[in-house]
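Q: Return atomic coordinates for the entry below.
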Amino acid sequence: MGKKRINSIVSQIEFSKLADIGCDHAYIPIFAIESGKAESAIAIDVASGPLLNAERNILKKNMEDKIKTRLGSGLKPLQNGEANCITIAGMGCETIIEILSDLENLQSISQLVISPQTKLELFREFISNSRFYIKNEMVVEDGKKTYTIFNCKIREL
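A: Purely as a prediction, here's the structure:
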């Protein structure tokens with residue numbers, strides 16, 4: 001994942017307890033902690049290889065006290081109250097929607113920072129029918145690719 005894209009995702013984080021789903025190398029949680037955007041993070045991945053890469057990077061930065069790793073699918077490894085912001089980047093829209101269907105069990109989540117690879121209109125429709133709204137979207141060019149990043153906040157009752 002390109003540095004400009006990571007910086008743009010992290011710049012949108014507004015809450016201190018982050019969960020990065022599909023963490024790959026844990027670049028988002030590491031930079032979120034380094035930049036002061038998050039106080040703690042949970043890096044989750046469904047595959048052990050990427051999680052091992054994440055653990056190595058976390059150790060290199062001496063952040064094992066602030067960033068925990070978990071092996072598992074989507075939001076399932078996360079307990080209510082452990083995070084108030086979720087980031088997901090680099091997945092297709094259908095996969096992201098499937099992951100976010102577990103949000104009802106996580107009432108502590110107040111923000112989503114999402115960067116789908118496909119079907120942006122489908123994501124907009126999904127969010128409009130959820131307890132979240134799109135606060136803003138940004139388009140970022142990183143290398144030869146263009147990415148859209150959605151900053152979604154919980155609707156106030």
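Q: CA only for contacts and neighbour counts going forward, please
A: OK.
Q: top helix in the chain by residue count?
A: helix 48-60 (DSSP state H).
Q: following it, which helix or strand shows up next?
A: Using DSSP states H and E, the next helix or strand after helix 48-60 towards the C-terminus is strand 67-71.
Q: mind showing which ranges of this protein have poor pLDDT?
A: Across the chain, residues meeting the criterion (pLDDT under 70) sit at 1, 157.
Q: what's the residue closest to the geometric middle of it?
A: The residue lying closest to the centre of the chain (CA atoms, centre = their mean) is residue 87, at 1.0 Å.
Q: you'd agree it is in a strand?
A: Yes - secondary structure of residue 87 (DSSP: H, G, I helix; E, B strand; the rest coil): part of a strand.
Q: hang on, isn't it packed against residue 116?
A: No - at 10.7 Å, residue 87 does not count as touching residue 116 under the criterion of CA atoms under 8 Å.
Q: still on that earlier bit, who's the residue nearest to the centre of the chain bridged to?
A: Residue 87 forms beta bridges with residue 20, residue 113, as assigned by DSSP bridges.
Q: Quick one: residues contacting it.
A: 9, 18-21, 112-114 (CA atoms under 8 Å, 6 or more residues apart in numbering).
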